[in-house]
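1. need a structure here:
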Amino acid sequence: MQIKDVLLAPGYGAFFYDDQAAIGAGAIQDGFIYTGKPITPGFTSLRVPASSLSVGLVLPDDIVVWGDMMSVQYCGAGGRDPLFESAQISDLTSRVVTPRLLDVDASRYLDACAHVFESCEQKRLPLSLKYGVSQALLRAAAHLQGKTMAEIICAEFGLPLPTCKVPIYCQSGDAREINVDKMILKAVDVLPHGLINSRQKFGVDGQTFMEFVKWVAVRTREIGCPGYHPVLHFDVYGWIGQEIGLEPQRIADFICKGADTVPDFTLNIESPADFGSTQAQIEHYAKIVSILDNRGSNARIVVDERCNTLEDIRLFAEAKAAHLVQIKTPDVGSIADTARAVLLCKENKVGAYVGGSCTETDLSAQASVHVSVATQAEMMLAKPGMGVDEAFSIVGNEQNRLLVMLNRRRAQTEIVG
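-> Presented below is the predicted three-dimensional model:
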């Protein structure tokens, strides 16, 4: 089951790469662009059109399966890999990865990943590269074995075939009010993200943010279907810590105040503060989690920044330094490691959210769905892009199709049995 050839095709991400440091430092938004000088290395402007690189594996029957490489929107921030450079990644793939791909049994997924992703010159391969190639290898194994990608994950990790849907989380981008309405009308499970990434959006002492939280809850009751009761999830990009200080008790007090304004909802607060390093993040997030739990709050802390790799996720999960861990798929690298990350969170009784980025593609989003469903993550991101409709349809439809196929497979197995 050897791969016959490897193809590379330049591509487009579904959004833009943004210089988070410059935006956080007060860059002015002018229409869709940000003005000012870049701060994060690699950026020539504050907002750069997202690029991607597709890797195609030519299989023995001449079928070509694909995976897509890219960075996340805020690459180079919070300990992440630098800005994605398609030409550099293409060169590395051709020189180092292609010969390895031509040397593996593509029907054996985890074995193939282990061989292809070995270090090169004592350095790990870029995580974006691992992400795209691991998608292609997963599709190759699925094709060669006549199974879905989810079934390959289940078989490789000894998991039962799933029967339940994974809740879908949508993000609003800057078109907050319009996109919140779309999410409510489509009965999205978790909403709205909110993109609270500047002082203007957070407000003095967080008042603008608090008003937005209350508005989302009220709007949900106003236009939602009877019985619709989503989880409210807001990404504040560290602004609670920036605005009120980095003392865990004060941060917890602020979060509890927000939760008290929407007592009928579970409130997820993502990235409440950035404490500057992974170890500091773990220590202080664990304190915030403990305070919220002791108070019986309906708020949950979600970690993103400083929790990038599989090893980072292990450290946070074991320390109970979050209620929910965002597994940011391009930052984790191999999509097999996304599966490992979900299972690791579950072992430690911490929620696993298979996220990713608006900069991804339809192919990476669909592969993420299979891993999320196979491992039964607590929720998964509607992606790619910064809108609602396209991402929700890509992820939602892929999940629905997958579950129908798995039900048929289960029924066939029962008949044979």
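2. how about low-confidence regions in the protein?
-> With pLDDT under 70 as the threshold, the chain has low-confidence stretches at 416-417.
3. Would you map the strands across it?
-> 5-18, 28-30, 33-35, 47-58, 64-69, 168-169, 190-193, 231-235, 267-270, 299-303, 324-327, 351-354, 379-381 (DSSP state E).
4. Serialize those strands to TSV and add fields for mean neighbour count and distance to residue 175.
-> Placement of C-beta: from N, CA and C, glycine included. What follows is those, written out as TSV (neighbours: other Cβ atoms under 10 Å; distance: least, Cβ to Cβ, whole Å):
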stretch	mean neighbour count	distance to residue 175
strand 5-18	19	13
strand 28-30	11	13
strand 33-35	15	16
strand 47-58	21	16
strand 64-69	23	25
strand 168-169	26	17
strand 190-193	26	10
strand 231-235	23	15
strand 267-270	24	19
strand 299-303	24	22
strand 324-327	28	22
strand 351-354	26	23
strand 379-381	26	17
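5. Using CSV, lay out the ones you listed together with distance to residue 150.
-> Formatted as CSV, those follow (distance: least, Cβ to Cβ, whole Å):
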stretch, distance to residue 150
strand 5-18, 23
strand 28-30, 40
strand 33-35, 39
strand 47-58, 19
strand 64-69, 15
strand 168-169, 16
strand 190-193, 21
strand 231-235, 24
strand 267-270, 25
strand 299-303, 25
strand 324-327, 16
strand 351-354, 13
strand 379-381, 12
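6. Can you say which of those strands is nearest to residue 212?
-> strand 231-235 (7.8 Å; Cβ to Cβ).
7. Distance from the closest one to the middle of the chain?
-> 14 Å (Cα atoms, centre = their mean, to the nearest Å).
8. Can I get it in CSV? Just the C-alpha atoms.
-> Provided in CSV are the C-alpha atoms of strand 231-235 (Å, rounded to 0.1, in the frame of the first residue of the first chain):
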residue,chain,number,x,y,z
VAL,A,231,-24.0,27.5,25.8
LEU,A,232,-22.6,31.1,25.8
HIS,A,233,-18.9,31.2,24.9
PHE,A,234,-16.8,34.4,24.7
ASP,A,235,-13.2,34.7,23.7
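9. between the helix of greatest length in the chain and strand 5-18, how big is the angle?
-> Longest helix in the chain by number of residues (criterion: DSSP state H): helix 389-416. Helix 389-416 and strand 5-18 meet at an angle of 140 degrees, taking axes from the mean of the first three to the mean of the last three Cα atoms, to 10 degrees as the criterion.
10. so what does helix 389-416 touch, helix or strand wise?
-> Here helix 389-416 touches helix 149-157, strand 168-169, helix 362-375, strand 379-381, going by 3 or more Cβ pairs under 8 Å, 6 or more residues apart in numbering; DSSP states H and E.
11. and those as CSV, adding distance to residue 405?
-> CSV is the format used below for those (distance: least, Cβ to Cβ, whole Å):
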stretch, distance to residue 405
helix 149-157, 9
strand 168-169, 18
helix 362-375, 11
strand 379-381, 18
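12. Let me see the domain layout of this protein.
-> 5-147, 168-409 (automatic domain parsing).
13. Show me how far the shortest one is from its chain's centre.
-> Put plainly, it is domain 5-147. Distance of domain 5-147 from the chain centroid (Cα atoms, centre = their mean) equals 14 Å.
14. Next, work out how far apart residue 168 and residue 36 are.
-> 35 Å (Cβ to Cβ, to the nearest Å).
15. Tell me the buried residues in the longest helix of the chain?
-> 390-392, 394-396, 398-399, 402-403, 406 (16 or more other Cβ atoms under 10 Å).
16. Switch those residues over to CSV; also include distance to residue 182.
-> What follows is the buried residues of helix 389-416, written out as CSV (distance: Cβ to Cβ, whole Å):
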residue, distance to residue 182
390, 11
391, 11
392, 8
394, 15
395, 15
396, 13
398, 19
399, 19
402, 24
403, 24
406, 29
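17. tell me which of the residues you listed is nearest to residue 231?
-> residue 392 (15.3 Å).
18. Next up, the contacts around the closest one.
-> Applying Cβ atoms under 8 Å, 6 or more residues apart in numbering to residue 392 gives the contacts 168, 170, 186, 188, 382.
19. Name the nearest residue to the fourth one, sequence neighbours excluded.
-> Of all residues beyond its chain neighbours, the one nearest residue 188 is residue 170 (4.7 Å), with distances taken as Cβ to Cβ, 6 or more residues apart in numbering.
20. The one you found is in contact with residue 183, isn't it?
-> Yes - contact criterion Cβ atoms under 8 Å: residue 170 and residue 183 qualify, at 5.0 Å.
21. Overlap in contacts, these two.
-> Counting by Cβ under 8 Å, 6+ apart, the shared contacts of residue 170 and residue 183 are 191-192, 388.
22. May I see the domains of the chain organised as CSV, with distance to residue 154 added?
-> CSV is the format used below for the domains of the chain (distance: least, Cβ to Cβ, whole Å):
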stretch, distance to residue 154
domain 5-147, 9
domain 168-409, 5
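23. closest to residue 157 out of those?
-> Nearest of the domains of the chain (Cβ to Cβ): domain 168-409, 6.0 Å.
24. Quick one: end-to-end length of that closest one, please.
-> 24 Å (Cα to Cα, to the nearest Å).
25. From residue 267, how far off is residue 183?
-> 16 Å.
26. ok, now residue 1?
-> Distance, residue 1 to residue 267, by Cβ to Cβ: 48 Å.
27. same question, residue 403
-> For residue 403, the distance to residue 267 - Cβ to Cβ - is 29 Å.
28. neighbours of residue 156, just the number please.
-> 18 (other Cβ atoms under 10 Å).
29. Does residue 78 touch residue 309 like I think?
-> No - counting by Cβ under 8 Å, residue 78 stays clear of residue 309, with 11.8 Å between them.
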